[in-house]
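A.B. asks: Here is a sequence with its predicted model. Questions after.
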Amino acid sequence: MATNPVGAPLQKTVQERENVVIRFAGDSGDGMQVTGMQFTTESVFAGNDIGTLPDFPAEIRAPTGTLYGVSAFQVNFSSKNVFTPGDDLDALVVMNPAALKTNLADLKQNGILILDKVEFNEPNLKKAEYTKSPLDDGSLDKYQTYQVEITKLTTLALKDMNLPNRSVMRSRNFFALGVVSWLFTRPIEPTLNWIKERFKRTPEVMEANTRALKAGYNMGENTEIFASSYEIKPAQIAPGVYRNITGNTATALGFVAAAQKAGLPLFLGSYPITPASDVLHDLSTLKNFNVYTFQAEDEIAGVGSALGAAFGGAIGITTTSGPGMNLKAETVGLAAAVELPLIITDIQRAGPSTGMPTKPEQADLLQSLYGRHGEAPLPVIAASSPGDCFYAAFEAVRIAVKYMTPVILLTDGYLANASEPWLLPRAADLPDFKVEFRTDPQGFFPYLRDENTLARPWVRPGTPGLEHRIGGLEKDYLTGNISYAPNNHEQMVRVRYRKMAKITQEIPPTKVEGPERGKLLVIGWGSTYGSIAAGVKDFQGQGKAVSQVHLRYLNPLPPDLGEVISRFDKVLVPEMNMGQLLRVLRAEYLVDAVGLNKIQGRPFKVSEITAKIARMLEE
Amino acid sequence: MSTASAVKLTRKEFVSDQDVRWCPGCGDYSILAQVQKVFPDMGIPRENIVFISGIGCSSRFPYYMNTYGFHSIHGRAPAIATGLKVSRPDLMVWVVTGDGDGLSIGGNHLMHALRRNVDLKILLFNNRIYGLTKGQYSPTSELGKVTKSTPVGSADHPLNPLLLALGVDATFIARTIDVETRHQQEVIKRAAEHKGATFVEILQNCNVYNDGAFASLTDKETKADTQLMLEHGKPMVFGKNKDRGIRLNGLTPEVVTLGNGIGVSDLLIHDETDAVLAFLLSRMAPPAFPTPLGVIRVIEKPTFDALMNHQIRDAMEKSGGADLDKLLNRGDVWTVK
């Protein structure tokens, strides 16, 4: 602990750091998510590039002080480009012993540890399964430990407000935020403004949180606890207007933007499920964009209603996570048979079954590619970062209406809740794809196909002269009438595959990040982009011929991918599953690719990627 | 709904070019014929009508109507129809289902569509058997029913469709029967006119797997004594000689014979708005009672689709349009130079 020599004037130094990874951890009721998000906002206002990782238990309010009730939020902020929320921690803020116990292992040696001393009392230590207080046994000696009396100082700051103890305790997180805001020279104005807006209906809470935040900040500045503060210079970021965005919000905005560009109403049929519900919440506030949100009675009705809306000429969307995908599968098969545009969004979580609902996994890829009855190939598109969810969602809608097909959009629980600074697109720069419905009865058949896309005509009920029936029974290739003719069925199965092949014309040439040919190609998809990019760039910095390809289109695959793969000696496929893309690539390209598999409900650390690459380069 | 009054259509125009593939003698033929007969009089253009169905014999219905149609998957028609009706309130949306499709696999969707009062016209063909899968018992089959899947008799207690509809406070509940063509037409017309979810149970004979399920109701000799034809505001009288009726004894209905001091004025008067009466009628069943036919209950409630569309119109008006750039720029934004 830093001490101030007696009598010396309070002189503080400022140390410069390139980047810092900090984690806030506390009880699920301690407001750690809010604290982390506000610290993030302050950091983007400080001009840093950032990456975040919220990590919370499935229990809404687990019993206080328990190990399984710990909620955390990690922020990586830097003067350089950020690809991930960071591996090991430079700083850790813990609000109680349970948070210390579950998070300390990730703190670097000599890292900054800020803890609320008052909370390290007998009952809390016991709940955290400490037999001896870690404050007394020397186990924290290898860290820069700051024992701040957060609870006591917050109480003092709010003393004359005469608030009940419960309310005082709720402001502790803002005191802690104030302390670290000072420590890392963050501007607190964005948080002060946020408090003003968020608590405008409860002036007492507004006042208490404001005071706590300022008191924490002033304590850092005016007491001798911290000898120095840290400065992280602004990062070189592409010019433009930014906002901080989570994957779920970006997904919702991508859908709305696409529906606007298509010139159609958006209909979301959905059933609440973690971690997908926020897309439903977000879209339900956007009714002025002609957005219908229908909280259905179950997952099946969610997708069914969306398909009904698509039949009526709307952009039909459903959102869910793994278990919901299974329930929707029969309807997705119907959508494939009737060839209507429909977007099925799977925000993947750790399974099987209820699994770990708040933790991410990439284990629904094979389900998305093959998890239907009969032969029902569908386009599958995956987002690679929180902000990229916007473009992936937009693309899913565009492909669905252009090719008259259901499209599966994959994100995951990490992308859903994590955030990053997002360079705002301008509406005018997004491609237009105004939908024209068929209205001409001349020569009309329900399954008459467009030569270039193999799409059948989209007809809105209400159009005179085009009355027709569609359904799940096999249809005649042209008329759409029921047909059991053997050759016709084979023709229909084949044309549904041919349509997928046509979609390859939408896929841009595969972007190889790094040398065009070389020793090792790392292929990923989805939320692993950042960890892989950071790891690969490490080796490129050392002049090694290691490159990265990150796939957005999982079906159909990019037509040039096989050729790209052939230019490398070895292929590594890191995935948060047991090797699903790996299996596809091996089958598709007969390539002896190797997997790196992490199935812990947590994203890859960069160090895990680099360790594997290093081993493969040595072999 | 656009009701172009100028449109004058004929029955033939509602007949599609597809061959009807129900078994000869199936009750479904009569229902199809009555619907095709009634529809021209509604004055609604063909293109504004949509039939949505699930799976089962009844669910082939949309193929035979020359309107828009969607033959979907087992039990899910009400969910698909809800999405369509909510996003396209200008369309008249009909759902055709059966006792297996609507009450077994799709029970959840049927219940919620009725509860929400989505403006859907739901026709449930009840033949008390699974026809398309060749003769297993259904949720409306009677206890002890011997079928292919219950060789020693079913141990399932049957479900009462009318009580289900009543339980979720459906705004239009009616029952009719395949052979009573005029009655069927009247009920279908009333259903078409109702604003909100309509639930019409149509008793229908499966002459292959459950022939004669409603024989006592349709047999010329017995039907006058087994049918209770309901009319709003009229006393509940039935029987060949119109000499029997339903009287309330305390809270329990009973069958009485007119005469010997019992007059028509002692009988229950049908009131379509009375939920208690609807409950009593829904529970009346042979052999103790005649089977009530007609409109059991009609009430007015805002429809789900109207409420949803009102919210959207309201939001559009208040926001003064959809500005995508404004939406993207929402919240804390900052500029990097």
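C.D. replies: Ah, there it is. Fair warning: this is a prediction, and the values are worked out from it, not measured in the lab.

A.B. asks: how long is stretch A:51-59 end to end?
C.D. replies: 25 Å (CA to CA, to the nearest Å).

A.B. asks: how does chain A divide up, domain by domain?
C.D. replies: The record, using automatic domain parsing to delimit domains, assigns chain A the ranges A:13-231, A:243-429, A:518-618.

A.B. asks: can you tell if the longest one touches chain B?
C.D. replies: What that stands for is domain A:13-231. Yes - judged by CB under 8 Å from any CB of the partner chain, domain A:13-231 comes into contact with chain B through A:41, A:44, A:45, A:47, A:190, A:194. Using the backbone N, CA and C atoms, a C-beta is placed for each residue, glycine as well.

A.B. asks: Next, the distance between the ends of that domain.
C.D. replies: Domain A:13-231 stretches 10 Å from its first residue to its last (CA to CA).

A.B. asks: model confidence over that domain, on average?
C.D. replies: For domain A:13-231, the mean pLDDT works out to 94.

A.B. asks: Distance from that domain to the middle of the chain?
C.D. replies: Relative to its chain's centre, domain A:13-231 lies at 23 Å (CA atoms, centre = their mean, to the nearest Å).

A.B. asks: quick one: contacts for the single nearest residue of the stretch 101-250 of chain B relative to chain A?
C.D. replies: Chain A sits closest to residue B:112 of the stretch 101-250 of chain B, with a gap of 4.1 Å, by CB to the nearest CB. Residues counted as contacts of residue B:112 (CB atoms under 8 Å, 6 or more residues apart in numbering or on different chains) are A:296, A:297, A:301, B:78, B:168.

A.B. asks: Surely the first one and residue A:273 touch.
C.D. replies: No - counting by CB atoms under 8 Å, residue A:296 sits too far from residue A:273 to count as a contact (11.4 Å).

A.B. asks: circling back to that earlier point, name the stretch among the domains of chain A that sits most buried.
C.D. replies: Highest mean neighbour count among the domains of chain A (mean count of other CB atoms under 10 Å in any protein chain shown): domain A:243-429, with a mean of 24.

A.B. asks: what does the stretch 451-600 of chain A have sitting close to chain B?
C.D. replies: Taking CB under 8 Å from any CB, the part of the stretch 451-600 of chain A that reaches chain B is made up of A:460-473, A:481-482.

A.B. asks: Pick the one among these closest to residue A:128.
C.D. replies: Nearest to residue A:128 among those: residue A:472, at 55.8 Å, using CB to CB.

A.B. asks: Next one: the closest one from residue A:373, what distance?
C.D. replies: Noted for residue A:472: a distance of 11 Å to residue A:373, by CB to CB, to the nearest Å.

A.B. asks: shared neighbours, the two?
C.D. replies: Shared contacts of residue A:472 and residue A:373, defined by CB under 8 Å, 6+ apart, comprise residue A:333.

A.B. asks: on that earlier part again, may I ask which two of the residues of domain A:13-231 next to chain B are separated the most?
C.D. replies: A:47 and A:194 (18.3 Å).

A.B. asks: Please save the CA atoms from the strand or helix carrying residue A:154 in PDB.
C.D. replies: Here residue A:154 sits within helix A:150-157, counting by DSSP states H and E. Only the C-alpha atoms of helix A:150-157 are listed here, as PDB (Å, rounded to 0.1, in the frame of the first residue of the first chain):
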ATOM      1  CA  ILE A 150     -16.000   2.300   0.200                       C
ATOM      2  CA  THR A 151     -19.100   1.500   2.300                       C
ATOM      3  CA  LYS A 152     -18.000   3.800   5.200                       C
ATOM      4  CA  LEU A 153     -17.000   6.700   2.900                       C
ATOM      5  CA  THR A 154     -20.200   6.400   0.900                       C
ATOM      6  CA  THR A 155     -22.200   6.600   4.100                       C
ATOM      7  CA  LEU A 156     -20.300   9.600   5.200                       C
ATOM      8  CA  ALA A 157     -20.900  11.400   1.900                       C
END
